[in-house]
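> Need coordinates for the following:
(3 chains)
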Amino acid sequence: MLAIEVENLRKEFRVQQNREGLKGAFRDLFKRRYNHVTAVENINFQIPKGEICGYIGENGAGKSTTIKMLTGILVPTSGKVVVNGYVPFQEREKYVKEIGVVFGQRSQLWWDIAVIESFQLLRKVYRVPEQDFKKRMDELVERLHLQEVLHRPVRKLSLGQRMRCELAASLLHNPSIVFLDEPTIGLDIVVKTEIRQFLKEMNKKYETTILLTTHDLQDIEALCSRVVMLDEGKIIYDGDLEQLKQRWGKGKEIVFHFAEAVNMQTLQQLTQGMEVKWQQDHPYEAKVWVPFEQENVSEVMRSVVSELNINDMKIIETNTDDIVREIYKSGSAETAGENHHA
Amino acid sequence: MYYATIFWDYTKTYMKTRMTYRADFIIEVLTNLAFQLMNLLFIIVVFQHTSFLGGWSREEIIFIYGYFMLPYGVFMTFFNLWDFTERYIVKGEMDRILTRPAYNLVQLMLENMNPSSLFGSLTGMLIMGYAWLQLDVTLQWYDPFVLLLFVAGSVMVYGGIYISITALSFFSDAPTGIHALMWNIQNYGRYPVNIYNKVIRFVLTWILPFAFVGIYPSAFFLDKEVTTLFSFLTPVVGLAFLTMGILIWNFGVRKYRGAGS
Amino acid sequence: MLSAYVDMIRIRFLMMLAYRVNYFSGIIIYTLNIGAYYFLWKAIYGGNDTLAGFTVLQMTTYIAISWMARAFYFNNLDREIANEIKDGSVAVQMIRPYQYLIVKMMQGLGEGLFRLLLFSAPGMIIITFLFPIQLPTDVMTWAIFMVMIFFSFLINSQINIMVGLFAFFVENNEGLMRMKRVAVDLFSGLIIPLSFFPLWAESILRWLPFQAITFLPASVFTGRVTGQQVYDALLTQVVWFIVLILPIVFIWRKSRQRLFVQGG
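Now for the predicted structure:
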């Protein structure tokens, strides 16, 4: 079953163009000029029920606009959106009862009252029966560790605490689809990990469909089986994260921690003849870059380990960050791939 | 029924918030009252120089003022959206409102509810009572019921006008300072409309019908026969304007473009 | 530094030009206001030729010029400052290399100049066709009037700044701001000229800064005040301007302390 179905979706905004200077401003007073900006340009995608899908793109790529159309906030210029069997903007009030939305940078809780009171109010707004609410609440409190913050007013919470409460607030009515717009923005790594863990469990247990936008690609790596990548209003990649990595990942990196001080020359000598790149920031530590097609990772490791005393080493897969940056540089996922294979 | 329950819950929330800032609450009630009474001062000063205004006596004008305060207090309780553009459009809070399963305008009203304004209505009752005692008009058995009907009509007039104006925020990308500009116009409906020329009378009756929040409905209780028809138009005009306001609002919501990208 | 401030006037001026809805509805609403008060006062005069020393003609002129002057001196600095305090952005403003309050004044001035040139000037022309009013023929009177409304602007802005800064000390200064709005409209003589108040009230109002905002310049404009009295009126404005600097400096110091203690 499809949770989200988007066909030829398009959103244009009319942006007022200001003429320059005083004279221009006067002319604007009587006759305005407008530019049409296409924020989302005829995109298509489908998300089956129970999937966690990452929606990524640079600022202004059209992520938020899409999310807002999917949640019924914005009316599309043209195209079709069906979520959970509803056309969001047409039957908004009925539809939003079945979805949860978190805007990372905005609060949906009441600033001055205790968190639990906000929850109570939301329970009424979403018409959740008392018993279901209780059960749900117990679960959320336990999973998100909300016990100690429940009776504090929102303005006294830390960002991490607040974010966990926001998540809980958007899930009180057990929505079947959850939209998360930058859910981990500004959080420290511990809270981020906690939230990711929680989302994953929720997805497993309730088959909740999750669509999240993020700038933090670690969110994507930890959560998403699928990525949709957007650039200038168009989808430039839609598919597996693994595949994305394999196709555009260019190699692996190995980090060594040595037991003794080592210099660059020694290292380069060890891997002579191999097409690898060393980088050293510290006498006891060095990184080596191993391109996929050129060399074998185990080969490189063997030659280092056999000669030098090491305390620790790590293999780092190509960072999704780098891949994404690469794709943006070349403008489209297709061409980036071709370049690479060429 | 659903809206009644959430109304009650929002009221409780309001009370809890208010409890955190108790001193402010008292200051707010007092300044609001002082603010209202200043308008009364105008009437008193003016009547030092004349005994009739367009054929109406001082007590009659004061009575109208008292009447005006009733619907105004109710209106101010539920309509506290003066910074709608800044808060909900520019800062994008409207997004949150739109993703909740209740009519967005109701949510906005409940979120910003300000029951302290009801003290104004109370003062209005007292002023009406005072003026009534000074005047030689008889109270009919049906007057309280008619009063309720008219107040409801006047509240709807007010609501309709301000909902329409606030909805402009959806269409204009600039903060509309219209609320402040409009401020004085609402005062003119409290004076006998026959003193104005045709244009202004027309505006106050049909365009920005503030006369239905003052002179027209109150005239009924003062036995001023001339405007009885208009008195009973109050609920009709109220309904019409409220409907129009809501239609414009709903249309505006569809034009909402959200904040940021 | 000075050029930065001048630039702020310019920017605000341009910003005002961008608000089209405000501009056009503003012209209509101001005309309506003048019209309504014109008829209201006509009814108050009834059959009388003069009330409180004002002839009908003077009264009409007084109403028109007071509203037009208001378009110039009026601003929402109180609300702007209060909002910036509430959302915390005032702290950022304070560490910038300029005087926050002067910046605010400049923005208000840009707004005022916009309305004076694009609003009051054309508005006044419309009004002279619609209502019987008498403009002064003497150039000197015009010149002094212009200087006086500049002081009206200064004094009104000073009051706004004081009220706005109160947001540092109370959680919600909405009521205060509303009260100020009515106080300025009523006590400055915009709605009722001071001479209409009972004697005791008038003598109190003469000791308040509000009269300097509307009543004094409008009295000069309508020719109710002439000769030496004109300069007395101007002097009163100057004195109020200087006197009001003191409480502002005081409140500003207190505000800064409060800001740094609370951390914004």
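
> only C-alpha atoms for contact and neighbour calcs from this point on.
Fine.

> Pull out the buried positions in the strand or helix carrying residue C:237.
Secondary structure from DSSP states H and E places residue C:237 in helix C:228-262. By neighbour count with 16 or more other Cα atoms under 10 Å in any protein chain shown, helix C:228-262 contains the buried residues C:230, C:233-234, C:237-238, C:240-241, C:244, C:248, C:251-252, C:255, C:259.

> List just the nearest of these to chain A.
Of all those, residue C:259 has the smallest distance to chain A: 18.0 Å, by Cα to the nearest Cα.

> if I pick that closest one, what's in contact with it?
C:91, C:168 (Cα atoms under 8 Å, 6 or more residues apart in numbering or on different chains).

> And it, how far from chain B?
19 Å (Cα to the nearest Cα, to the nearest Å).

> Next: residue A:211.
Separation of residue A:211 from chain B (Cα to the nearest Cα): 15 Å.

> Enumerate every residue touching that residue.
Residue A:211 neighbours (Cα under 8 Å, 6+ apart): A:52, A:53, A:54, A:55, A:177, A:178, A:179, A:180.

> Distance to residue B:35 added to those residues, as JSON lines?
Converted to JSON lines, those look like this (distance: Cα to Cα, whole Å):
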{"residue": "A:52", "distance to residue B:35": "56"}
{"residue": "A:53", "distance to residue B:35": "55"}
{"residue": "A:54", "distance to residue B:35": "54"}
{"residue": "A:55", "distance to residue B:35": "52"}
{"residue": "A:177", "distance to residue B:35": "49"}
{"residue": "A:178", "distance to residue B:35": "47"}
{"residue": "A:179", "distance to residue B:35": "46"}
{"residue": "A:180", "distance to residue B:35": "45"}
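
> Find the pair from these with maximum spatial separation.
Greatest spacing in these, by Cα to Cα: A:55 and A:177 (14.5 Å).

> quick one: the helices in chain B?
Taking DSSP state H, the helices of chain B run over residues B:2-20, B:22-46, B:58-78, B:84, B:93-98, B:104-111, B:118-134, B:143-167, B:178-182, B:185-188, B:198-202, B:215-221, B:228-255.

> what's downstream of the longest helix seen in chain A, the next helix or strand?
For chain A, the longest helix by residue count, based on DSSP H, is helix A:189-206. Once helix A:189-206 ends, the next helix or strand along the chain (criterion: DSSP H and E) is strand A:209-213.

> Would you give the sheet partners of that next one, along with the direction of each?
Strand pairing for strand A:209-213, determined by DSSP bridges: strand A:52-57 (parallel), strand A:177-181 (parallel).

> who's in contact with residue A:29?
Residue A:29 neighbours (Cα under 8 Å, 6+ apart): C:17, C:18, C:19, C:20.

> again, 7 Å this time
C:17, C:18, C:20 (Cα atoms under 7 Å, 6 or more residues apart in numbering or on different chains).

> got the residues of chain A near chain C?
Residues of chain A lying close to chain C (Cα under 7 Å from any Cα of the partner chain) are A:22, A:25, A:26, A:29.

> cutoff 8 Å now
A:22, A:25, A:26, A:28, A:29 (Cα under 8 Å from any Cα of the partner chain).

> pLDDT weak spots in chain C?
Counting by pLDDT under 70, chain C shows low-confidence ranges at C:1, C:260-264.

> what about the strands in it?
C:50-51, C:54-55 (DSSP state E).

> Thought residue A:118 was touching residue A:154, still the case?
No: taking contacts as Cα atoms under 8 Å, residue A:154 lies outside contact range of residue A:118: 9.1 Å.

> Many thanks, we can stop here.
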